[in-house]
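Undergrad: Predicted model follows, preceded by the sequence.
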Amino acid sequence: MIEIKHLNKRFGDFTALSDLSLSVAKGELFGFIGPNGAGKTTTIRILGGILAPTSGSVHVCGIDMAAEPETAKAKIGFIPDRPYLYEKLTAMEFLRFTADLYNVPGAGFSKKAMGMLRQFSLENWSDTLIESFSHGMKQRLIMASALLHDPEVLIVDEPMVGLDPAGIKMVKRLFREMAAAGVAIFMSTHTLSVAQEVCDRVGVIHKGRLIATGDMDDLTRQAHAERTDLEEVFFRLTQEESLNY
Ligand SMILES: Nc1ncnc2c1ncn2[C@@H]1O[C@H](COP(=O)(O)OP(=O)(O)OP(=O)(O)O)[C@@H](O)[C@H]1O
């Protein structure tokens, strides 16, 4: 569902991504972890079609992002790390705005939008201006808006930031349910415990290069770690890599 091949991204002389290749299958929840500045957000922006790679390709549901960006983007639910919300709209107005962008049919919109607001515990706030929402409420509204058009692929940068424990629990459950329903999910996170708990596979990026990928057993082997613990694996991999520079 997501196919990344030999992706490179340079900003001037600086190489942010170097020969990154990976794929995420239908129904798979893939976690993307790495230290600050490793290249996670850069990768996510390229996957979402909002940043062009220097070279390499991204295919979403078999569609080439470079050749058919609109068709590819229609397949994606995209949740950036710093989303923009129109604060002078109500939650329902914002959902209608995004539904129009994604050509969600008008018939049935209200029922669907209310269902989404309920899913994200915002049903009592549908007519409230977004400017009065807390950070976590805004985060949940962004998620609701990204799922309105039933995307086949979800790309999400740091979904747990700003959420309270109930919000984190809800998102973990939702992502697992979506994966079970066949959605391919690519999620970057710093929350290693969440990645270990919910992801089918994890990729570790360091200084723009994918240094390890696989399920917990694979990663434990690749890191020569003693325990199947993502935190230990992460530090072993990223420190071992640092020593090579
Ligand atoms: N527009 C840009 N111009 C120049 N350099 C950039 C630009 N965007 C990102 N970079 C650089 O590319 C590198 C990767 O950045 P990126 O935001 O992808 O990292 P990240 O893994 O998401 O980090 P964090 O965990 O801190 O969010 C960083 O060194 C960053 O400074």
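TA: Structure received. Source: prediction; values computed, not measured.
Undergrad: Bridged to the spatially closest residue to S21 that is not a sequence neighbour, which residues?
TA: Spatial nearest neighbour of S21, excluding adjacent residues (CB to CB, 6 or more residues apart in numbering): K5 at 5.2 Å. For glycine as for every other residue, the C-beta is placed from the backbone atoms N, C-alpha and C. Partner residues in beta bridges with K5, using DSSP bridges, are S57.
Undergrad: Break down this protein into its helices, ranges please.
TA: Counting by DSSP state H, residue ranges of the helices within the chain are 40-47, 69-74, 91-101, 109-119, 135-147, 165-180, 192-198, 216-222, 230-243.
Undergrad: Which of those sits closest to the ligand?
TA: Each of the helices of the chain was checked against the ligand via CB to the nearest ligand atom, and the shortest separation belongs to helix 40-47, namely 3.3 Å.
Undergrad: packing partners for the closest one?
TA: Judged by 3 or more CB pairs under 8 Å, 6 or more residues apart in numbering; DSSP states H and E, the packing partners of helix 40-47 are strand 2-11, strand 14-24, strand 29-33, strand 55-60, strand 153-157, strand 184-188.
Undergrad: Reformat the ones you listed into CSV and put distance to I205 and mean pLDDT next to each item.
TA: Converted to CSV, these look like this (distance: least, CB to CB, whole Å; pLDDT from 0 to 100):
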stretch, distance to I205, mean pLDDT
strand 2-11, 11, 98
strand 14-24, 7, 97
strand 29-33, 7, 97
strand 55-60, 14, 97
strand 153-157, 13, 95
strand 184-188, 9, 97
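Undergrad: The ones you listed into a markdown table, with extra columns for distance to G39 and mean neighbour count?
TA: Shown next, in a markdown table, are the helices and strands packed on helix 40-47 (distance: least, CB to CB, whole Å; neighbours: other CB atoms under 10 Å):
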| stretch | distance to G39 | mean neighbour count |
| --- | --- | --- |
| strand 2-11 | 8 | 18 |
| strand 14-24 | 5 | 17 |
| strand 29-33 | 9 | 25 |
| strand 55-60 | 13 | 19 |
| strand 153-157 | 12 | 24 |
| strand 184-188 | 10 | 26 |
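Undergrad: Can I get those in a markdown table including distance to P165?
TA: Conversion of the helices and strands packed on helix 40-47 to a markdown table gives the following (distance: least, CB to CB, whole Å):
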| stretch | distance to P165 |
| --- | --- |
| strand 2-11 | 30 |
| strand 14-24 | 27 |
| strand 29-33 | 19 |
| strand 55-60 | 32 |
| strand 153-157 | 19 |
| strand 184-188 | 18 |
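Undergrad: Now distance to S18 and mean pLDDT too, for the helices of the chain, in TSV please.
TA: Below are those laid out as TSV (distance: least, CB to CB, whole Å; pLDDT from 0 to 100):
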stretch	distance to S18	mean pLDDT
helix 40-47	11	96
helix 69-74	23	94
helix 91-101	33	93
helix 109-119	38	92
helix 135-147	29	91
helix 165-180	29	91
helix 192-198	22	91
helix 216-222	18	88
helix 230-243	12	80
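Undergrad: Figure out which of those is closest to R82.
TA: helix 40-47 (9.3 Å; CB to CB).
Undergrad: I would like the residues contacting that closest one, please.
TA: Here helix 40-47 makes contact (CB atoms under 8 Å, 6 or more residues apart in numbering) with 2, 4, 7, 9, 16-17, 20, 32-34, 51-53, 58, 60, 65, 76, 80-81, 155-157, 186, 188, 205, 208.
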